[in-house]
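1. sharing a sequence plus its predicted fold:
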Amino acid sequence: MGPDGRPLPKRVGPDGRPLAKKTAAPRKRPPQKRRPPQKPRVKKPPRLLKLGRPALRLRVTFGVMALVLSLFAGRLIILQGVDPDRYALAATKENTKPFVLHASRGSILDRNGVPLSVSEDAVAITADPTQTGKIASQLAGVLAPRLTTDYATLMKKLTGKGRYVVLANKVSPQTWNQITDEIKERNKAIKEQNKALPEEQKKPMLAGLYTEADPVRSHPNGTIAANVVGIVGAEGKGLAGLEYGLNGKLSGQDGKAMYEVDARGNKIPNADHTVEEPKPGVSAQLTLDADLQWFAERRIEQAVKQYKASSGSVVTFDVKTGEILVMANYPSFDPNKPVKAGALKNRALEQVYEPGSVQKVVTMAALADAGLISLDTKLQVPGSYTVQRRSIKDAFDHGVLNLTMAGVVAKSSNVGTIMAAQQMPVGDFVHYLKDFGFGEPTGIGFPGESRGLMPPGDEWSELTRSNVAFGQGLSANAVQMAAAVNAVANGGVYMPPKLIRNWIDADGNATPNQTAAPRRVVSESAAKQVTTMMEAVTGKGGTAPLAAIAGYRVAGKTGTAQEVDSACGCYRKWATSFAGFAPADNPRFVTYVVLQDPTNGRGGGFQGGPVFRDVMSYALQKYAVPPTGAKQPHVPLTW
């Protein structure tokens with residue numbers, strides 16, 4: 001049908017006849033090649049293994065062996081030829097164990113050999129964690145009740161890394177014996193329990209503990225000279241006092257040993273070992289007398305408590321040698337017990353204060369040596385004296401007094417002292433003070449010692465010179481003051497203070513301790529005149545009759561000085577003191593007493609004087625110093 005709906009015309013040929021339908025011509029298959037006939041398959045025989053040639057196989061085998069052997073040979077050459085030391089050292093470290101050989105610490109003794117601080121046998125307990133790790137709970141259970149280390153800390157150490165750990169120091173032999181006895185009992189019980197078990201089920205024995213020598217410091221005489229001797233810490237080093245100051249000499253030098261050990265860390269008998277022997281420390285023999293020191297400590301303690309002072313000190317010198325027989329302090333401490341840091345202070349050397357009227361001994365000695373005063377010198381002393389518009393008075397009220405120089409000292413007149421001191425140029429006065437040891441260390445070498453305070457230079461104002469003349473405006477420690485008074489007692493010759501008498505080595509050989517040379521500070525005549533003035537202090541009409549000793553001539557001087565309170569920066573504290581020597585006509589000992597901030601009364605004569613009297617009496621009796629038999633000279637105090 002066409003688009004108009006009519007049928008399409010049939011296809012016709014040229015002749016008008018309809019054309020026939022075309023039909024597809026049949027496809028012709030290409031001619032196929034005929035396959036040739038197949039031959040029957042023949043089964044091949046199995047392939048045979050071809051064997052190599054024996055000669056070649058031998059060459060290869062020998063080549064491989066030669067290569068391996070050459071590698072071993074090369075390694076051997078490196079180990080033994082090229083760098084043997086490094087590998088030997090590594091092997092040594094692996095198979096050896098170090099042990100510290102502690103040096104014995106030197107002792108501290110008094111002048112007569114009485115021990116004040118010594119080392120006693122003790123041990124440090126160590127462990128090998130490779131052995132103790134599996135039995136740590138058992139060992140900690142044995143150790144914790146007897147050591148200061150708690151259970152948890154012990155467990156951590158016993159199961160830690162490495163092969164060496166310190167469990168405890170300074171363990172007494174008694175404690176270690178208790179530990180070993182309990183371990184033996186437990187080992188015995190373990191053996192009994194494990195006897196019937198097969199080998200693979202047996203429990204381990206308690207093992208892996210060791211000990212090393214670790215001496216502990218002991219003070220056989222307790223508190224005696226504790227502030228002087230000091231203490232030693234847990235590691236064996238001095239922490240205070242002479243233990244600290246002399247640590248280098250006392251401690252010596254530790255040694256060490258290296259031992260070959262087995263897999264469990266035990267020493268192998270007869271194996272190679274090296275030992276570097278320790279060098280023992282040197283002992284220090286002090287100049288202190290333990291008996292006299294004990295008595296002085298008890299006496300100053302009584303005075304501090306009686307007068308409600310904050311502290312007190314007593315120092316006693318041997319006049320001729322400068323050796324210190326007593327250096328007593330209160331408060332003190334027991335070095336065999338735990339100590340608070342504040343109690344360690346040696347106030348006799350570390351605490352400075354304004355000395356007050358004891359300083360007048362030095363002022364008078366300087367003036368007498370310069371020829372500016374004598375026993376015949378007379379002064380009219382008013383009730384007050386003005387220096388640079390400042391009024392200075394005596395401790396007691398009075399009108400004009402006609403005093404001799406002995407009277408000025410006996411009555412402790414500040415005004416009379418200032419009037420006499422004004423005759424000396426300031427530079428000369430400063431020179432004398434330095435010769436007497438003020439403003440400089442004593443030379444003892446004690447740790448923490450104060451050098452004192454003195455106005456700088458020699459261009460002092462008139463007011464400064466006046467204050468220093470009667471003991472205000474400069475500061476000193478107790479040993480400095482005792483040494484200055486000792487120079488007067490020794491005929492004008494200053495003896496440098498001496499605290500260490502001898503050094504004693506491990507073989508008992510004693511070497512005297514060397515100190516600075518003595519020096520003359522004033523003439524013998526000046527010293528004798530001042531001594532006579534000082535005798536008037538303990539006599540009738542003086543300020544310290546309580547310091548007198550029956551049968552002996554005693555020279556002394558009281559001191560009462562204001563002190564600055566750091567809380568307000570003002571003068572509202574006091575230091576009371578007394579210094580003296582006996583026999584006055586042939587001095588053997590000087591004793592100086594000072595009380596800091598007494599609140600139950602105030603006065604060097606009635607507070608320090610009795611302490612001086614008791615300590616001096618004890619010293620004179622112990623050393624059998626007889627009275628000279630001479631009578632005290634009568635010296636007028638007034639005119």
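-> Yep, that arrived. If you're wondering where the values come from, they're calculated on a predicted model, not measured in any experiment.
2. what ranges do the strands span in the stretch 151-300 of the chain?
-> For the stretch 151-300 of the chain, the strands defined by DSSP state E, counting those that start in this stretch cover 165-171, 209-213, 216-218, 255-260, 273-276, 283-286.
3. in the third one, which residues are buried?
-> Under the neighbour-count criterion of 16 or more other C-beta atoms under 10 Å, strand 216-218 has 216-217 buried. All C-beta atoms are positioned from the backbone trio N, CA, C, and that covers glycine.
4. can you name the residues in contact with that strand?
-> Surrounding strand 216-218, the residues in contact under the criterion C-beta atoms under 8 Å, 6 or more residues apart in numbering are 105, 117-122, 170, 172, 231-232, 236, 243, 336.
5. just among these, which is most surrounded?
-> Compared across the contacts of strand 216-218, Ser117 has the highest neighbour count, 29 neighbours, by other C-beta atoms under 10 Å.
6. what's across from that residue in the sheet?
-> Following DSSP bridges, Ser117 is listed with bridge partners Ile108.
7. please report how far it lies from Ala225.
-> As for Ser117, its distance to Ala225 is 9 Å (criterion: C-beta to C-beta, to the nearest Å).
8. stretch 517-536: end-to-end distance?
-> Chord length of stretch 517-536, first to last residue, is 32 Å (C-alpha to C-alpha, to the nearest Å).
9. and stretch 341-351, by the same measure?
-> Using C-alpha to C-alpha, the end-to-end distance of stretch 341-351 comes to 16 Å.
10. mind listing what's buried in that stretch?
-> Within stretch 341-351, the residues that qualify as buried by neighbour count (16+ other C-beta under 10 Å) are 344-351.
11. over to stretch 355-373?
-> If you call a residue buried by 16+ other C-beta under 10 Å, then stretch 355-373 has these buried ones: 355-370, 372-373.
12. which of those fall in strands?
-> Counting by DSSP state E, those place none of their members in strands.
13. dump the buried residues of stretch 341-351 to CSV, plus pLDDT and distance to Ala140.
-> Putting the buried residues of stretch 341-351 into CSV (pLDDT from 0 to 100; distance: C-beta to C-beta, whole Å) gives the following:
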residue, pLDDT, distance to Ala140
Leu344, 92, 35
Lys345, 94, 40
Asn346, 96, 42
Arg347, 96, 45
Ala348, 97, 47
Leu349, 97, 46
Glu350, 96, 44
Gln351, 94, 47
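14. any chance of the residues you listed in CSV, with secondary structure and distance to Ala567 too?
-> Rendered in CSV, the data for the buried residues of stretch 341-351 read as follows (DSSP: H, G, I helix; E, B strand; the rest coil; distance: C-beta to C-beta, whole Å):
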residue, secondary structure, distance to Ala567
Leu344, helix, 23
Lys345, coil, 19
Asn346, coil, 24
Arg347, helix, 19
Ala348, helix, 24
Leu349, helix, 24
Glu350, helix, 20
Gln351, coil, 17
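15. so which of those residues would you say is closest to Gly491?
-> Out of the buried residues of stretch 341-351, the one with the shortest distance to Gly491 is Ala348. That distance is 24.9 Å, counting by C-beta to C-beta.
16. contacts only, for that closest one.
-> Listed by C-beta under 8 Å, 6+ apart, the contact partners of Ala348 are 227, 313-315, 327-329, 477-479.
17. would you list the residues you listed in TSV and tack on neighbour count?
-> Compiled in TSV, these are given as follows (neighbours: other C-beta atoms under 10 Å):
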residue	neighbour count
Asn227	26
Ser313	28
Val314	29
Val315	30
Met327	29
Ala328	31
Asn329	29
Asn477	26
Ala478	28
Val479	26
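18. now for those residues: which two are most distant?
-> Maximum pairwise distance in these, criterion C-beta to C-beta, is 14.0 Å, between Ala328 and Asn477.
19. hang on, the earlier thing: let's see which of the contacts of Ala348 end up in helices.
-> Those of those mapping onto helices are 227, 478-479, per DSSP state H.
20. ok, Cys557 - how many residues close by?
-> One thing to correct before we go on: residue 557 is Lys, not Cys. Here the count is done by other C-beta under 10 Å, and Lys557 has 34 residues near it.
21. what does Pro587 give?
-> Here the number of neighbours of Pro587 (other C-beta under 10 Å) works out to 24.
22. with Ala489 instead?
-> A total of 28 residues lie near Ala489 under the criterion other C-beta under 10 Å.
23. surely it touches Ala555?
-> Yes: between Ala489 and Ala555 there is a contact under C-beta atoms under 8 Å: 7.4 Å.
24. any common contacting residues for the two?
-> Shared contacts of Ala489 and Ala555 (C-beta under 8 Å, 6+ apart): 531, 581, 587.
25. tabulate these (JSON lines), appending secondary structure, distance to Ala506 and pLDDT.
-> What follows is the shared contacts of Ala489 and Ala555, written out as JSON lines (DSSP: H, G, I helix; E, B strand; the rest coil; distance: C-beta to C-beta, whole Å; pLDDT from 0 to 100):
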{"residue": "Thr531", "secondary structure": "helix", "distance to Ala506": "46", "pLDDT": "97"}
{"residue": "Phe581", "secondary structure": "strand", "distance to Ala506": "39", "pLDDT": "98"}
{"residue": "Pro587", "secondary structure": "coil", "distance to Ala506": "38", "pLDDT": "97"}
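26. Lys157: which of those is nearest?
-> Lys157 lies nearest to Phe581 out of those, by C-beta to C-beta, at 59.7 Å.
27. residues touching that closest one, list them.
-> Here Phe581 is in contact with 319, 485-486, 489, 554-556, 587-591 (criterion: C-beta under 8 Å, 6+ apart).
28. in stretch 119-138, which residues are buried?
-> Judged by neighbour count using 16+ other C-beta under 10 Å, the buried positions of stretch 119-138 are 119, 122-129, 131-132, 135-136, 138.
29. with stretch 109-119 instead?
-> Applying a neighbour-count criterion of 16+ other C-beta under 10 Å, one finds 109-111, 114, 116-119 buried in stretch 109-119.
30. any idea which of these is least confident?
-> The lowest pLDDT within the buried residues of stretch 109-119 belongs to Ser119, which sits at 91.
31. element containing that one?
-> Assignment of secondary structure by DSSP states H and E places Ser119 within strand 115-120.
32. Lys434 too?
-> Taking DSSP H and E as the definition, one finds Lys434 inside helix 426-435.
33. list the contacts of that helix.
-> Here helix 426-435 makes contact (C-beta under 8 Å, 6+ apart) with 362-363, 365-366, 369-370, 421, 439-440, 454, 457-460, 465, 468-469, 474, 494, 519, 521-522.
34. thought Ala527 was touching Gly491?
-> Yes: judged on C-beta under 8 Å, Ala527 makes contact with Gly491 at a distance of 5.1 Å.
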